[in-house]
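Visitor: With the sequence up front, the predicted model follows.
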Amino acid sequence: MPITFSDYDKHHFFDEMVTEDGSIRPHYQALADYLQTKSFRQLQDRQSYINKILLDLGITFNVYSDSEGTERIFPFDLIPRIISNSEWAFLEKGLKQRITALNLFIDDMYHDQKILKDGVIPSDIALSSKGYLPQCSGLNPARGIWCHITGTDLIRDRDGQYYVLEDNLRCPSGVAYVLENREIMKRAFSTLVQSVEIQPVSNYPTQLLELLKFVAANDRSTCAVLTPGIYNSAYFEHSFLARQMGIELVQPSDLVIRDHYVMMRTTRGLKKVDVLYRRIDDTFLDPTVFDADSMLGIPGIFDVIRRGNVTMVNAPGTGIADDKVIYCFVPKMIKYYLNEDPIIPNVETYICSDPVQLTHVIQNLDKLVVKAANEAGGYGMLVGPHSTKDEQNEFRDKLLANPRNYIAQPTLQFSRCPSFFEDSIEGRHVDLRPYILYGEDINILPGGLTRVALRKGSLVVNSSQGGGSKDTWVLAR
Amino acid sequence: MLSRVAESMYWMNRYLERVQNYTRFIEVNLNMYLELTPDFEEQWLPLIQTAGDEILFQETHADYSRENVVHFLTFESKNPSSVMSALSSARENARSIREGISGEMWEAINTLYLRVKEGQRQSQWSIEELFEFFKEIKQSCYRIEGIAHNTISHTERWHFARLGQFLERADKLSRILDVHSYYLLPKEQSKLSTFELIQWVAILRSTSSYEMYLQEFGEPRWNRIVEFLLLNPYFPRSLRYCLQQSQKSLHSITGNDIGSFQLPIEKTIGRMKVNLDYIEVDEIIGFGVHDYLDRVQVRLNEVGSLVYETFFDPNANLQPVISSTNGFNT
């Protein structure tokens, strides 16, 4: 039985593939035609084949709460998400604008703080951010770049309009899945992939390496990826990127500080490291400056950073722009630093430290999504419509105790994309995380990671909460 | 290269070699009892003794029955030197240096791991299934070695892996020979009973040396078997060969000339190797096979510690004495 979309239930959501009146959007037509030549049985075979590849290749992530069999494959949905060429051009423009403003903001925050002095952002909010590190004041990262790698989360609401949901300027993960997903699609759906002109993603590691060299002192500089170790949930990605760039993957225990330089221990003694693409959070970098209890860090490395003897990618301190309260001010930053109107809007957000907005939030806990200002990975979050009375009460107490630490947003009707299940195709909510490289130019990996909430009705796309991913195609024309 | 990466290369291969050796021991013991008439009592205790794990075994299993011993040596996660544990350790090491080995090599190790993990969940095994399973493990190990040989640059990283592999092989060879010869060394000269003959042949089989031994000496005689396994310079699983290869890899890493030494580890390995070059099997038998192998064990342990101190110990001298003429670019 061929697979068609005649019975497909798009519900009342915006669907990436199927229009209001049930017809296929033009940029999905080739996919629909292809699926019509396939049966569910054939797709099931493809799905098992893909799962086996993922397992054999060890493309897995670690689940913190799970002690036995801690590695799982990140579920992969074989129906791709497709973005038209013009749509992508618009997103690219919007993301470049946003990241340019954010970089200026971070630099301003650690120098003159003009934006605070001019009253665009209230000082008490900016300076009380957990991500604001006073130790970074006066820091001048190479070439003035703070946020080299960003993974901005975008969503589409019921109207089909794109919104920025989060900025993720610290250590965004997931890009390895983007590259592997494409490889897997190429193997499992060779004919289809060949027939559609898709913008390639495979040169990401090369661009990343160019970026690392760009912020290094010279061409012969030694670059390395810094990982917390094999038990980190994103270890696969750290190792993947190091491998693809052909540079060392180092752990904190491989590094020592000698004479104000970072050195790695090799079999022939110590060797200087110039650039570290670090996948360790700011506060775990240096126990002598930040968290003294941290077992992870490299004592003394912050001093080396300050002296400019090592370049950190991303620079320490970028976390300030990851604060979900600061996020609310990004449209204002764009206006302030660039004198432009924001191209991609923010999601409407309530700042709980404002008493009026707090009251509104507390009265509408059953309708809103409440998020902690500094959590990631879907943790520390209340999805109002899906919550119990007890959970709402718990959050009300938290909000009242520490309003600065929370924001609230309307429960968005994320767009949906057809997804494959054994013997049906059903719509599931998706988001999109493009990866932005800020080096000599700003480069955006075409597409990015589409995460999909595979549990029926779920809005949470995080891998730790039952999410999966899809290959994401940006059409070449 | 990073010291940690070198250490993981070394241990990855040691563990892979261990996986292979344990598989061999079990497989051959299974095989041996198929050939014997039912009135021979199956002896599974020596296998546990080979691994030196009697205490742990008694804690986890009731008696030395075939099922128990096979389970203990193959699947028992509490047993640090079971096939399962050794393979997990090999894979953990490989996983921590995935960027330093080829993708094919990682995939081969990971696939083998997943296969044995799957086997761990199966509660009942027929002998036929076990044979098939062990064969599969051994073949996978050969495959991994082949992939490594052909997809990893033969630089320093390769030699660290080789060093681990041959030191481990030497260690296991000396252990299996020691335990079996304790039971088997004849009271009168060279005439073997059927039971003894079958056991000696089993040792040859477990070291994959049966055919090569016959090529060299024609018929199984225990002193010749001891000679072949300890002193043959060409057979890749003999003790002497293992020491030759360990020494070659060690000096490739340090860049110092073979035939003299700059480092304590070069001295220790060199002396062991030279001893094997110039000793005769009758001298070993005169000295006592068990006592000789005991000394070998002590030396091999010493070498293991020296490898760590020389190359991996983060608190030790960060600049090992190595030749500046070494050609490897790290």
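Guide: Structure received.

Visitor: CA only for contacts and neighbour counts going forward, please
Guide: Fine.

Visitor: Which residue ranges make up the domains of the chain?
Guide: Because you didn't say which chain, this covers chain A. With domains defined by automatic domain parsing, chain A comprises A:95-166+A:202-338, A:350-410.

Visitor: I was after chain B.
Guide: Following automatic domain parsing, one finds the domains of chain B at B:1-152, B:154-330.

Visitor: So is the first one next to chain A?
Guide: Yes - applying Cα under 8 Å from any Cα of the partner chain, one finds domain B:1-152 in contact with chain A at B:1-4, B:6, B:95-100, B:106-107, B:110-111, B:114.

Visitor: first to last residue in that domain, what's the distance?
Guide: Domain B:1-152 has an end-to-end distance of 14 Å (criterion: Cα to Cα, to the nearest Å).

Visitor: picking that back up, ranking by neighbours, what's the top pick from the residues of domain B:1-152 next to chain A?
Guide: Counting neighbours by other Cα atoms under 10 Å in any protein chain shown, the top entry in the residues of domain B:1-152 next to chain A is residue B:97, with 26 neighbours.

Visitor: closest to residue A:332 out of the domains of chain B?
Guide: Ranking those by proximity to residue A:332 (Cα to Cα) places domain B:1-152 first, at 42.9 Å.

Visitor: where does residue A:291 land on pLDDT?
Guide: For residue A:291, the model assigns a pLDDT of 74.

Visitor: Which members of the residues of domain B:1-152 next to chain A occur in helices, if any?
Guide: Those of these mapping onto helices are B:3, B:4, B:6, B:95, B:96, B:106, B:107, B:110, B:111, B:114, per DSSP state H.

Visitor: so the second one sits right up against residue B:312, yeah?
Guide: Yes - between residue B:4 and residue B:312 a contact is recorded at 6.8 Å, counting by Cα atoms under 8 Å.

Visitor: Can you convert the domains of chain B into TSV and add a column each for mean pLDDT?
Guide: Below are those laid out as TSV (pLDDT from 0 to 100):
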stretch	mean pLDDT
domain B:1-152	89
domain B:154-330	87
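
Visitor: For chain A, which strand extends over the most residues?
Guide: Ordering each strand of chain A by length in residues (DSSP state E) puts strand A:424-433 first.

Visitor: before we move on, the earlier item: which of the residues of domain B:1-152 next to chain A sits closest to residue B:218?
Guide: Nearest to residue B:218, judged by Cα to Cα, of those is residue B:111 at 39.6 Å.

Visitor: and the nearest residue to that closest one once chain neighbours are set aside, what does it touch?
Guide: In space, and not counting its chain neighbours, residue B:111 is closest to residue A:56: 5.4 Å by Cα to Cα, 6 or more residues apart in numbering or on different chains. Counting by Cα atoms under 8 Å, 6 or more residues apart in numbering or on different chains, residue A:56 touches B:107, B:110, B:111, B:114.

Visitor: Format these as TSV; extra columns: distance to residue A:154.
Guide: Formatted as TSV, the contacts of residue A:56 follow (distance: Cα to Cα, whole Å):
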residue	distance to residue A:154
B:107	34
B:110	35
B:111	37
B:114	37
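
Visitor: Out of the residues you listed, flag the one nearest to residue A:395.
Guide: Distance to residue A:395 across the contacts of residue A:56 (Cα to Cα) is lowest for residue B:114, with 42.9 Å.

Visitor: ok, the closest one - contacts?
Guide: residue A:56.

Visitor: Please identify the helix or strand for the nearest residue to residue B:166 once chain neighbours are set aside.
Guide: Closest residue to residue B:166 apart from its sequence neighbours, by Cα to Cα, 6+ apart: residue B:242 at 5.0 Å. Assigned by DSSP states H and E, residue B:242 belongs to helix B:239-254.

Visitor: Please list the residues outside that helix that contact it.
Guide: With Cα under 8 Å, 6+ apart, helix B:239-254 has contacts from B:156, B:159-160, B:162-163, B:166-167, B:169-170, B:173-174, B:229-236, B:257-258, B:266, B:269-270, B:272-273, B:276-277, B:321-323, B:326.

Visitor: Can you dump the C-alpha atoms of whatever helix or strand comes next after that helix in PDB for me?
Guide: Per DSSP H and E, the first helix or strand lying C-terminal to helix B:239-254 is helix B:264-278. What follows is helix B:264-278 as a C-alpha-only set of coordinates in PDB (Å, rounded to 0.1, in the frame of the first residue of the first chain):
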ATOM      1  CA  PRO B 264      65.100   1.100  32.900                       C
ATOM      2  CA  ILE B 265      62.300  -0.400  30.900                       C
ATOM      3  CA  GLU B 266      64.600  -0.900  27.900                       C
ATOM      4  CA  LYS B 267      67.000  -2.800  30.200                       C
ATOM      5  CA  THR B 268      64.300  -5.000  31.700                       C
ATOM      6  CA  ILE B 269      62.700  -6.000  28.400                       C
ATOM      7  CA  GLY B 270      66.200  -6.400  26.800                       C
ATOM      8  CA  ARG B 271      67.400  -8.800  29.400                       C
ATOM      9  CA  MET B 272      64.300 -10.900  29.200                       C
ATOM     10  CA  LYS B 273      64.500 -11.100  25.500                       C
ATOM     11  CA  VAL B 274      68.200 -12.000  25.500                       C
ATOM     12  CA  ASN B 275      67.600 -14.700  28.000                       C
ATOM     13  CA  LEU B 276      65.100 -16.300  25.700                       C
ATOM     14  CA  ASP B 277      67.500 -16.000  22.800                       C
ATOM     15  CA  TYR B 278      70.300 -17.900  24.500                       C
END
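
Visitor: quick one: buried residues of the strand or helix carrying residue B:144?
Guide: Taking DSSP H and E as the criterion, residue B:144 maps to helix B:127-151. Residues of helix B:127-151 classed as buried by neighbour count (16 or more other Cα atoms under 10 Å in any protein chain shown): B:130, B:131, B:133, B:134, B:137, B:138, B:140, B:141, B:144, B:145, B:147, B:148.

Visitor: any idea how far the third one lies from residue A:472?
Guide: In this case it means residue B:133. Separation of residue B:133 from residue A:472 (Cα to Cα): 41 Å.

Visitor: Same check on the last one?
Guide: When distances are taken as Cα to Cα, residue B:148 and residue A:472 turn out to be 34 Å apart.

Visitor: what's the least confident stretch among the domains of chain A?
Guide: domain A:350-410 - the lowest mean pLDDT of the domains of chain A, at a mean of 87.

Visitor: Would you work out how far apart the start and end of it are?
Guide: Domain A:350-410 stretches 9 Å from its first residue to its last (Cα to Cα).

Visitor: any idea which helix or strand carries residue 48?
Guide: Picked chain A for this. Assignment of secondary structure by DSSP H and E places residue A:48 within helix A:40-57.

Visitor: Actually, chain B is the one I wanted.
Guide: Take DSSP H and E as the rule and residue B:48 turns out to sit in helix B:45-51.

Visitor: now residue B:298
Guide: Judged by DSSP H and E, residue B:298 forms part of helix B:289-307.

Visitor: Any part of that helix near chain A?
Guide: No - if you take Cα under 8 Å from any Cα as the test, helix B:289-307 misses chain A, and the best it gets is 11.5 Å.

Visitor: Alpha carbons of that helix, as CSV, please.
Guide: Only the C-alpha atoms of helix B:289-307 are listed here, as CSV (Å, rounded to 0.1, in the frame of the first residue of the first chain):
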residue,chain,number,x,y,z
VAL,B,289,59.3,-25.1,34.2
HIS,B,290,57.1,-23.7,37.0
ASP,B,291,59.9,-21.8,38.6
TYR,B,292,61.1,-20.4,35.3
LEU,B,293,57.6,-19.2,34.4
ASP,B,294,57.2,-17.7,37.8
ARG,B,295,60.2,-15.6,37.1
VAL,B,296,58.8,-14.6,33.7
GLN,B,297,55.6,-13.5,35.4
VAL,B,298,57.5,-11.4,37.9
ARG,B,299,59.5,-9.7,35.1
LEU,B,300,56.4,-9.1,33.0
ASN,B,301,54.7,-7.4,36.0
GLU,B,302,57.8,-5.3,36.4
VAL,B,303,57.7,-4.3,32.7
GLY,B,304,54.0,-3.3,33.1
SER,B,305,54.8,-1.0,36.0
LEU,B,306,57.7,0.5,34.1
VAL,B,307,55.6,1.2,31.0
